[in-house]
Each structure stands twice: as C-alpha cells, then as structure tokens.
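1. okay, here's the prediction I keep looking at, along with the sequence it came from:
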Amino acid sequence: MALSNLKKEMQLMETSCQVVDEGWPEAWYMVPDAEVANQKCENRLSPNKPVDVAAMRALGLCYWKMDADTYSYPVKSIPWDPSEAADPRLAALRDDRGYSYADVLTIHPDFLPNFDTHVKNFFTEHIHDGEEIRYILGGSGFFDVRDPHDNWVRVHVKKGDLMTLPEGIYHRFTCDETDSIHAMRLFIGTPCWTPINRFTTDTENHPSRKQYVCLYCTPQGLNDDQGETKC
Ligand code: KMT
Ligand code: NI
C-alpha cells in the first residue's frame, strides 16, 4: 500500500469506528466442562482447535482495536459519561452505536470486595436482553461463548480490546491466571447488569435467545449450505 494510503487508513482508524480483521483476540474451542479443573487456565483442546475471525463474526461478535495507552479512564466502578471520551475512536463508536452509559470495573482480589464470589457469578452461563459491551483497559481474561452446537469458544481478551457479544448469546466470563482485568462496561440506555442464567431460567423461550437463534443458528447462520432463508 502506498504510504499516503496507509496514512489515510490509519487516520480513519483513529477517528472512526471502522472495523478491520486485524488484531482480534485469539480464540479456541475449550475442553468439555467436565474436564475443566481450573476455569482460569486456557483449557484448550489437544491438539488446539483455533477459532478464526470469520467464525467469531458468524457468532455475532464484534471487535474494535482501541488505543488504551494514550487515553485514561476512571479506575473505580463509577458511572462515567461516554460523551466525555477524549479518544476519537471511542467517541465515534459511542455516536454510531448509541452508547449512553459507561463505568469501569477493576476485577482484582485487592480491589474488588468479594472477588471470588464475583468471579464465580461471572462464570455462571447466562444471556442478556441486550448487547454486552466491554472495553479492556488493562489486564486480561476469558469470555466464553457457545457456538450453535453448544460448544464453548474461549476468547482471550486483553488491553485495547473492545468486544461486543450479541443479545441472547450464551456466555460467561472468568479472569485468567493473572487474576487482574480492568474493563469499561458500556450500555445503551439505563444499564441492567442482571444476568438471565441458563438452566435456572427458561432461557430457551426468552425472546432474546429466540432472536439470537434466529439470526445466528439458522442453517444460513451456521453457514453449512442447508438453506437460503434468514428470518
Ligand atoms: C461480565 O458481565 O461478565 C463482566 O462484566 C465481567 C467483567 S468485564 C471484563
Ligand atoms: Ni454477560
């Protein structure tokens, strides 16, 4: 690419929410839950079965690479107005997607009271009736999402990753072995963080789950050429 084009592209990356394939977190299929001795370990299959960007997109995940070095944010879990974003890329995302609320969570044994209980709850499989939007400002952790065949895909998020999980996808979160992650949670409208837990709630009949299945688990969503229709 000519230098001027590269420069233009980099400027566009900085000032807009343009999406690219580069920089996505690494993802892989996990061992079955019965074989998970420590949720904070990678728990890869052997041999490793990677999940590429196209497959992550097919699950409904979205991703933006952010500059978490240049811009700083509050350290506490206090509401923070996304309209104050100094980062033009975050401002563009906010405007494009309508994010109106944000706060910042530091998940670390020294900073989060009842750390173990929180980690246990984050790891309980659930859905939401909206998107889950997380911008990782520091540290790292694992988001696990179910594929349409109910297998776990483990996504290793780290500093600079802004990822969204679509409404209705089965998922869970855990710290990795570093036990430290600092993340911004964004929301459209009045925030609701209450998870709708699978197995203890009739999630299969929840409208958000039905919508997810319709959009991402139909033959077309599965991309296995069994049909043309998409609802
Ligand atoms: C969630 O909803 O599981 C969380 O907020 C986990 C921490 S964000 C990295
Ligand atoms: Ni969640």
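-> Nice, thanks for sending it over. Ligands and ions are numbered 1, 2, ... in the order given.

2. and residue 139, what pLDDT?
-> Turning to residue 139, the model gives it a pLDDT of 97.

3. my guess is it contacts residue 157. True?
-> No. With contact defined as Cβ atoms under 8 Å, residue 139 does not reach residue 157; the gap is 9.2 Å. Quick note: C-beta positions are derived from backbone N, CA and C, even for glycine.

4. between those two, which has more neighbouring residues?
-> residue 157 (25 against 19; other Cβ atoms under 10 Å).

5. list residues touching both of residue 139 and residue 157?
-> residue 181 (Cβ atoms under 8 Å, 6 or more residues apart in numbering).

6. now the helices for the protein?
-> 3-15, 53-58, 88-97, 115-122, 207-216, 219-222 (DSSP state H).

7. right, so of those, which gets closest to ligand 1?
-> helix 115-122 (4.1 Å; Cβ to the nearest ligand atom).

8. could you find the closest non-adjacent residue to residue 36?
-> residue 43 (5.4 Å; Cβ to Cβ, 6 or more residues apart in numbering).

9. ok, that neighbour touching residue 33?
-> No. Counting by Cβ under 8 Å, residue 43 stays clear of residue 33, with 9.2 Å between them.

10. which one's more surrounded, those two?
-> Comparing residue 43 with residue 33 by other Cβ under 10 Å, the one with more neighbours is residue 43, at 21 against 11.
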